[in-house]
Every structure is written in structure tokens, then in C-alpha cells.
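Colleague: here's my sequence, what's the structure:
(2 chains)
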Amino acid sequence: MTSIRRQLLFGLLVVVVIAGLVAAWGVYLRAHRELDELFDYHLKQMALSLRDQSFEQLAGEPVELTDAFDFVIQVWRPDGARLYFSHPDATLPNRAQLGYTTVATNEGEWRVFSIQQRGLTVQVAQPMSIRNRLAAAAALSTLAPFLFLLPALGVLVWITVGRGLKPLAAVASAVKARTPAALHPLPEHSLPGEIQPLVAALNDLLARLERALTAQREFVADAAHQLRTPLTALRLQVQLAERAHDPEERAAAFATLHQGLGRATHLVEQLLTLARQEPEAVQRPPTEIDLAELARMVTAECAPLAETKGLDLGVTRANAVTVRGDREGLHTLLANLVDNAVRYTPAGGRIDVSAYRETGQAVLEVIDTGPGIPREERERVFDRFYRRAGNEMPGSGLGLAIVKNVADRHRARIVLEDGPNGVGLAVRVLFPIP
Amino acid sequence: MRLLLVEDDPMIGASVQKGLRQDGFTVDWVRDGQAAELALGSESYDLLLLDLGLPKKSGLDLLHTLRTRGNVIPVLILTARDAVADRVKGLDSGADDYLVKPFDLDELAARIRALLRRRAGRADPVIRHRELVLNPATHEASFAGTPLVLSAREFALLEALLDRPGAILSRAQLEERIYGWGEEIESNAVEVYIHSLRRKLGADFIKNVRGVGYRVPKG
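Modeller: This is a model prediction of the structure:
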């Protein structure tokens, strides 16, 4: 698991170490340059001071020089014979060029200065390692505070980040305390700016969840309540069937019992359909659907029922027009509309199903010669379980709610109007066509 | 006993009406609150069976109107609302009893009988008058210890007369008690039933007040 605290700590420490190293390297280079100048000057001074010496008497008597300033001095006569060599065991080139040079030997690099004066060649050499060592010491002294700082910085970062993240832990425990029954918003006051958007988003989610849950709860309560009605009827009908004395009476009782069962079944089926058409529940990919074909299909399916009720059900207009959507959902939509028309239109009536295109929209239309819906009720009929007063037909009160659900999902509009000549009902579902 | 049933669901209404008729009640059935008000205004009922979720005028509104007008008719609420708060509200609005759907026909009939009994000021589920014993629950009757065979209408007529012994009930009132809406009332029906009852119970069990009606003298 990634930890902000650990990442931050690691990152900071790495940066501090790199900064320390860079600083040390800088100091090293700078110190080296200064040492170079200083020691080069020393070499030169030493060579100059030596040129006036008489080396004849010094020959063979090496001078003890301090270790720290290991200067090696050689003097040659003009004929090339070495007049003086301070450290005979040092391996140095014989007679390098005049002026400053850096010479690599198998004992490391040497800095060499040679000068000629009155036929004598004086050469002073010093190992580079001395300069390196001194420069490194300077660099180390620069690095030291950084190294001392590291643990302190680590502890400081650890504590500060921990304190900074404390609100996050508080938010986490607050979120943990939320249950489906208690989805009240998280406290948003005195939060660091970095966490505020997260908490705001969470609160938004909680609010939406609560709304969805409330809707769901209300729906379940509604559904249970609505199921009571057909169940009450069934219970009474069963009792009447039990009480029946003669076969004729019993047959009649069973016939009503059948109707009651049919109604209860229809309600349960519609509840299921509604649940399946909930926008959250549908995950089928949209396909191209020919509305004319759909109209013919649904009409054919509903034809037998319409015929037994003595209704003239048919397709009047079926122009090829396609919409993008959920085939099953649209089938449910049209089937519910036609079923409603069949249910409420009295015998001898007529039901026309059409599909056509009209100024930028695709239209599914069902027109019946039934009782229609009064203007003032046209909004409310889409509510779940809304049943019109004095309605003799045993409906579930869910048909149009299902239709609306599907239409909403397709961004379609439903228009309820009087049928032609003010008779019956005309339902139009208008789909936008891009 | 004549009851008014207010229920908007056609299946439940039909079944309750049929079941209660089998139990010997006379049941008129209306579908909404307004129709119920009309019926209550024009006919006299012994008890009101009231659904709460009614179109046009809700059951509670109807009950409230009834009680403010001083109507004391026993009211039994039949509803799918089963929360305690709903029941309390129903009873506090003036209902005498509360039955939650789905209910049992026998329980409904028993509660109706209990309410009618209480209204008549009786604690005994069995109606006794002199040597006559009537059991509204079983529709059994006996006179002087011997079982009596009574038709449903005869039983209803007797029950009506014994509701308040001594009170005179007109022929029309009696007809109203034993016939619901749409039931064909044969002419002279009341006279025929009275005649038959007198044969079974003795001539002076039911007295005729000429030009006014019939009464059962107080025990």
C-alpha cells in the first residue's frame, strides 16, 4: 500500500541527501580550485627561492621535509646531470617541461613546477592527493550538517504529515459510521483544503444514495401496500369458494378466484417489469430499432386478446423510422400502451397503432376509442399505483409508470391527447432523432 | 341488519358483499366517499364498513363529517394501512373498530355482530327475549327449548324487532332492514314473514299497531 507519509518522507530525504551531495561536490570543486591556486603559488615560490641556492654542497644530503607538504625537489645541471634530488625513492619523470604540469606516475598524479635559471633546472613537485584530501575534507565539513539534519527532518516530516492527515482519518471513521439507515452528510467544517473536495464529493454521493434508498423504500412500501389489495380479494374469494354449497356456486366462486389470481399475477409481473426498467437496472447496449417493425410485432402479439374483447386492433401507419435504444424496453413500452388500450376500450371499439417520422422526431402512437383520460388527470396517471377513480378494470396502476420509465431512458416525451373528434385517447411517444 | 359497505376495489367489494349476505346481513355497496354520503343521507343503516383509501372523499374525511353531524352509526374501518399510528388515527376519528386487510370473512362478521350487540346495549352474544333465543353468529334459534327453523329473512326481521324491544317499526323500516338495493321486494313480504313468525312463536309475540307498524312487547 502506498503511504503519503512514507512517500513524502522518502522523497524529502532523497532530495535533502542529493542537495547535500551537490553542495559537497560544489564545495569540493571550489576548494580544489582554490587549493590549486594556493599550492601552485607555493610551488612557484619554492622553486624561485631555490634557484639562488648553491646545490653543489647539498648534493647527496637529502633535506627532511614534513610529510604534510611533501614537496619533492630536483635540480639538474645544464648538462643534464642531477645535482640534487630530495626524495630519491620518489618516482618522478626526469625533467619535465618548464612551468606547471600535472604528471601521472604509478604513485598517483603529481603537480610539477620547473624553472631554469643560470643553467640550472629546478623542479618542485607535490602529489595531487594532498589537494584532493584537503578539498574532500572541506566538502565533508559542508555535508556534515546535512547528515545531522536528516534524522531531525525525518521525524519532523513524520509528525507534520501525520498531523496533516489526521482529518483524513476522521473522515474515514465518519464514513465508516454511515449505514444505509444513517446517510447524513459528513462534517465539512475545519477541513484542510486538500480533503474538502473529497468530503464534498462524498456528501454528494451520500445525498444521492439516500434519495435512491428513500425512493426504493417508498416503492417497496407502496408495492407491499398494493399487493394487499389483490391478496385481500383472493383471501375473501377463497373463503367464498370454501363456503359454496353446490357445484354451481363453487364453479362461480372459482371463476372469481381465477380473476383474482390473474390480477395478483399481473400486479407482480408489472412490479418486476418496472424493477427491470429502472434506469439503474438496465445495462443492455443500445441497438438500432425499427419502430414500424416494433409496432407490427406488438400489434400481432396483442391481437388475440383484442379479438376476444371484440376490438378492432391494427397498424395504420408504419413508415420505416429507426431509433437507437433498448429493444426490450421499447417493446415493453408499446406493449403496455396497447394493453392499456385493449383493457379500457369497450367492445366494438378500435385501436390504431402507428410509427412514423415527424419533423425531427420519431413517433410511436396508439389511438383508441375508449373513455380517454380527463385533462386534469393526464399528469398523475404516470404516477406509480395511480388508479383512476371509478375504474372497474383490474389494473396494476403501474403500466404508465413503466411506459414513462422507458421513455425517460430514451429521452422521449409522452403526450396524452383526446382521440380524433374528441373521442378516446391518443398516446404519442416522441423520440428525438439526431 | 343492514350494512353499508364503502369499498373502491371491485373484487374485494363483491366478495365482502357476497360473504356478508351469506351471513344474513343486508349489504349495500358503494365505491366512493361521495356515494357513501348520499346513501347514508337517504337510507338508515345499522353499521358502516369503511375503506380509507377512497376516491373523491377519503374514508377519514367521510367519518369526520359523519361524527360532526352527530351520526352515531357504528363504523368499522377496513384498510390496508396497518401502522399503529393509522389505527390510532382511525379510532380517534370516530371509528368503533379497525380491521386490517387482508382479513377473514368470519372475523369480519364476528366484529360486525359485536359492534351491533354493543350498540344495542347487550353483552350477551345471544339475543334472548322471553322464551326465544337467537344466535346471530350461527343463525340458530330456539323457542321454549325447542330448535326453531327460520329463513334468513325471518331471522333478520326478528333480529330487527328485537334490537329495541317495545319500539315500533314500520313496514317500510322493516323492508329496509331486510332488503338491500336492487333486491326485489315482493309485495306483502313483511306481512307474510310476520304471519309465518307468529305461527312459530305464538300469535301475540309480535304485536301489530294498526296503521303504524309492528313491535315486540318488552319482556
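Colleague: C-alpha only now, for contacts and for neighbours.
Modeller: Will do.
Colleague: in space, what's closest to the closest residue to chain B within the stretch 201-350 of chain A - neighbours in sequence excluded?
Modeller: Taking Cα to the nearest Cα, chain B has its nearest neighbour within the stretch 201-350 of chain A at residue A:232, 4.1 Å off. Spatial nearest neighbour of residue A:232, excluding adjacent residues (Cα to Cα, 6 or more residues apart in numbering or on different chains): residue B:102 at 4.1 Å.
Colleague: doesn't the one you found lie inside a helix?
Modeller: No. Going by DSSP: H, G, I helix; E, B strand; the rest coil, the assignment for residue B:102 is coil, not a helix.
Colleague: number of nearby residues for it?
Modeller: When neighbours are counted by other Cα atoms under 10 Å in any protein chain shown, residue B:102 registers 20.
Colleague: list the contacts for it?
Modeller: Listed by Cα atoms under 8 Å, 6 or more residues apart in numbering or on different chains, the contact partners of residue B:102 are A:228-229, A:231-233, A:235, B:80.
Colleague: state the phi and psi torsions of it.
Modeller: Per-residue torsions, residue B:102: phi -80, psi 140 (degrees, to the nearest 10).
Colleague: for residue B:26, grab phi and psi.
Modeller: When quoted as degrees, to the nearest 10, the phi and psi of residue B:26 stand at phi -100, psi 120.
Colleague: now residue A:84. Nearest residue, chain neighbours left out?
Modeller: Excluding the flanking residues, the one nearest residue A:84 by Cα to Cα, 6+ apart is residue A:75, at 4.8 Å.
Colleague: which residues does the one you found contact?
Modeller: By Cα under 8 Å, 6+ apart, the contact list for residue A:75 reads A:55, A:82-85, A:120-123.
Colleague: just the closest of those to chain B, please.
Modeller: Nearest to chain B among the contacts of residue A:75, with distances taken as Cα to the nearest Cα, is residue A:123, at 115.0 Å.
Colleague: and that closest one, that's in a strand?
Modeller: Yes. Under three-state DSSP, residue A:123 sits within a strand.
Colleague: one step back: three-state assignment of the residue nearest to residue A:84?
Modeller: Three-state assignment for residue A:75 (three-state DSSP): strand.
Colleague: name the helices or strands packed onto the helix or strand containing residue B:197?
Modeller: Element membership of residue B:197 [criterion: DSSP states H and E] is helix B:189-201. In terms of contact count using 3 or more Cα pairs under 8 Å, 6 or more residues apart in numbering or on different chains; DSSP states H and E, helix B:189-201 is assigned the packing partners helix B:152-163, helix B:171-178.
Colleague: returning to that earlier point: count the neighbours of the residue of the stretch 201-350 of chain A closest to chain B for me.
Modeller: Neighbours around residue A:232, by other Cα under 10 Å: 22.
Colleague: got the phi and psi for it?
Modeller: Backbone torsions of residue A:232, given as degrees, to the nearest 10, read phi -60, psi -50.
Colleague: please apply the same query to residue A:352.
Modeller: When read as degrees, to the nearest 10, the backbone of residue A:352 gives phi -110, psi 130.
Colleague: and it, how many residues sit next to it?
Modeller: 19.
Colleague: same question, the one 4 residues further on
Modeller: The number of residues packed around residue A:356, counting by other Cα under 10 Å, is 18.
Colleague: interface residues of the stretch 201-350 of chain A facing chain B?
Modeller: A:225, A:228-229, A:231-233, A:235-237, A:239-240, A:260 (Cα under 8 Å from any Cα of the partner chain).
Colleague: can you do 7 Å?
Modeller: A:225, A:228, A:231-233, A:235-237, A:240 (Cα under 7 Å from any Cα of the partner chain).
Colleague: so which of these sit within strands?
Modeller: Within those, no residue falls in strands by DSSP state E.
Colleague: hey, where'd the strands end up in the stretch 251-400 of chain A?
Modeller: A:287-290, A:312-318, A:322-325, A:350-358, A:361-368 (DSSP state E, counting those that start in this stretch).
Colleague: contacting residues for residue B:97?
Modeller: Going by Cα atoms under 7 Å, 6 or more residues apart in numbering or on different chains, residue B:97 touches B:75-77, B:91.
Colleague: quick one: what helix or strand has residue A:209 in it?
Modeller: Using DSSP H and E, residue A:209 falls within helix A:196-243.
Colleague: right, I mislabeled it, should have said residue A:100
Modeller: Counting by DSSP H and E, residue A:100 is part of strand A:99-105.
Colleague: avg pLDDT for that strand?
Modeller: The pLDDT scores in strand A:99-105 average 83.
Colleague: likewise stretch A:6-26?
Modeller: If you average the pLDDT over stretch A:6-26, you get 87.
Colleague: that older thread, the helix holding residue B:197 - what's its average pLDDT?
Modeller: Helix B:189-201 carries an average pLDDT of 90.
Colleague: do the same with stretch A:380-398
Modeller: Rounded mean pLDDT across stretch A:380-398 is 73.
Colleague: over to stretch B:111-118?
Modeller: Stretch B:111-118 comes out at a mean pLDDT of 91.
Colleague: sorry, back to before: now the strands of the stretch 251-400 of chain A in JSON lines, with mean pLDDT?
Modeller: Below are the strands of the stretch 251-400 of chain A laid out as JSON lines (pLDDT from 0 to 100):
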{"stretch": "strand A:287-290", "mean pLDDT": "90"}
{"stretch": "strand A:312-318", "mean pLDDT": "90"}
{"stretch": "strand A:322-325", "mean pLDDT": "90"}
{"stretch": "strand A:350-358", "mean pLDDT": "92"}
{"stretch": "strand A:361-368", "mean pLDDT": "92"}
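Colleague: most packed of those strands?
Modeller: Across those, averaging neighbours per residue (mean count of other Cα atoms under 10 Å in any protein chain shown) puts strand A:361-368 on top, at a mean of 25.
Colleague: which residues touch that one?
Modeller: Taking Cα under 7 Å, 6+ apart as the rule, strand A:361-368 contacts A:321, A:337-338, A:341, A:345, A:350-357, A:419, A:424-433.
Colleague: tabulate the CA atom coordinates of stretch B:73-88 in PDB.
Modeller: Only the C-alpha atoms of stretch B:73-88 are listed here, as PDB (Å, rounded to 0.1, in the frame of the first residue of the first chain):
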ATOM      1  CA  ILE B  73     -73.700   4.800  13.400                       C
ATOM      2  CA  PRO B  74     -71.200   2.100  14.300                       C
ATOM      3  CA  VAL B  75     -68.200   2.300  11.900                       C
ATOM      4  CA  LEU B  76     -65.800  -0.500  11.200                       C
ATOM      5  CA  ILE B  77     -62.700   0.600   9.200                       C
ATOM      6  CA  LEU B  78     -61.400  -1.900   6.600                       C
ATOM      7  CA  THR B  79     -58.000  -0.800   5.400                       C
ATOM      8  CA  ALA B  80     -54.600  -1.900   4.200                       C
ATOM      9  CA  ARG B  81     -53.000   0.700   6.400                       C
ATOM     10  CA  ASP B  82     -51.700  -1.300   9.400                       C
ATOM     11  CA  ALA B  83     -49.300   1.100  11.100                       C
ATOM     12  CA  VAL B  84     -50.200   1.700  14.800                       C
ATOM     13  CA  ALA B  85     -50.400   5.500  14.000                       C
ATOM     14  CA  ASP B  86     -53.000   4.800  11.300                       C
ATOM     15  CA  ARG B  87     -55.100   2.700  13.600                       C
ATOM     16  CA  VAL B  88     -55.000   5.200  16.400                       C
END
